[in-house]
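**Student:** Sequence first, then the predicted structure:
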Amino acid sequence: MTRPPFEPVAERDLRIVSAQLGRAARNVVGIAARCVCGAPTVVATAPRLADGTPFPTFYYLSHPAATAAMSFLEAAQLMVECNELLHADAEVAAGYARAHEEYLADRAQFGEVPEIAGVSAGGMPTRVKCLHAVAAHALAAGPGANPIGDLALARSSWTPEVCQCADYGVDEASGAPPAAEPAR
């Protein structure tokens, strides 16, 4: 059940992602999830960066409000609870292992990188070490694909159904007409 290929990445998408991250977007191969206003929320990144660096985090959370919400949950120790759940619930553990395999299959469509063979992101398949990564996967793959990502999103103060995007100013910088005002 693999999802790529994604829609083509527009130059505007790259400008928005760069504004979201506060640095130039690197090696984006697709927009894996969007906000209701159309702004990128999750990018898919090449498994090997242009400079040769292996990059296991195929699904990368770029939306600032979503990133902040996951950081808050990490600080609140949700990862500890998730790790306990993985060890206590065989069904959750099996779903997380499936998520790991699907993540690897999605990334493999953009190249094999021996240095990161078998490594997905966020600690999958046996532990939870990054809610940003598993939430990004859940957003990209859809509900039910990553049980820990789904849990993090459910506990989050952020939701993809309500736009919390800033005015990234990318349309004014490019000379393009401004995009429609996002729904709030």
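**Tutor:** Everything's here; your move.
**Student:** centroid residue for this protein?
**Tutor:** Nearest to the geometric centre of the chain sits residue 136, at 2.4 Å (CA atoms, centre = their mean).
**Student:** what's in contact with the helix or strand where it lies?
**Tutor:** Here residue 136, judged by DSSP states H and E, is contained in helix 131-141. Helix 131-141 has contacts (CB atoms under 8 Å, 6 or more residues apart in numbering) with 3, 32-33, 41-42, 44, 57, 59-61, 66-67, 70-71, 73-74, 78-79, 82, 99, 102-103, 106, 121-124, 128, 145-146, 148-150, 152-153, 156, 160. All C-beta spots, glycine's among them, are computed from the backbone N, C-alpha and C.
**Student:** and the lengthiest helix in the chain, what other elements does it pack with?
**Tutor:** For the chain, the helix reaching the highest residue count under DSSP state H is reported as helix 90-108. Contacts defined by 3 or more CB pairs under 8 Å, 6 or more residues apart in numbering; DSSP states H and E place helix 90-108 against helix 78-88, helix 131-141, helix 147-155.
**Student:** So for residue 168, which of these sits nearest?
**Tutor:** helix 131-141 (18.9 Å; CB to CB).
**Student:** what mean pLDDT does the closest one have?
**Tutor:** Regarding helix 131-141, the rounded mean pLDDT is 97.
**Student:** How many neighbouring residues does residue 40 have?
**Tutor:** Look at residue 40: counted by other CB atoms under 10 Å, it has 25 neighbours.
**Student:** Before I go, just wanted to say thanks for your time.
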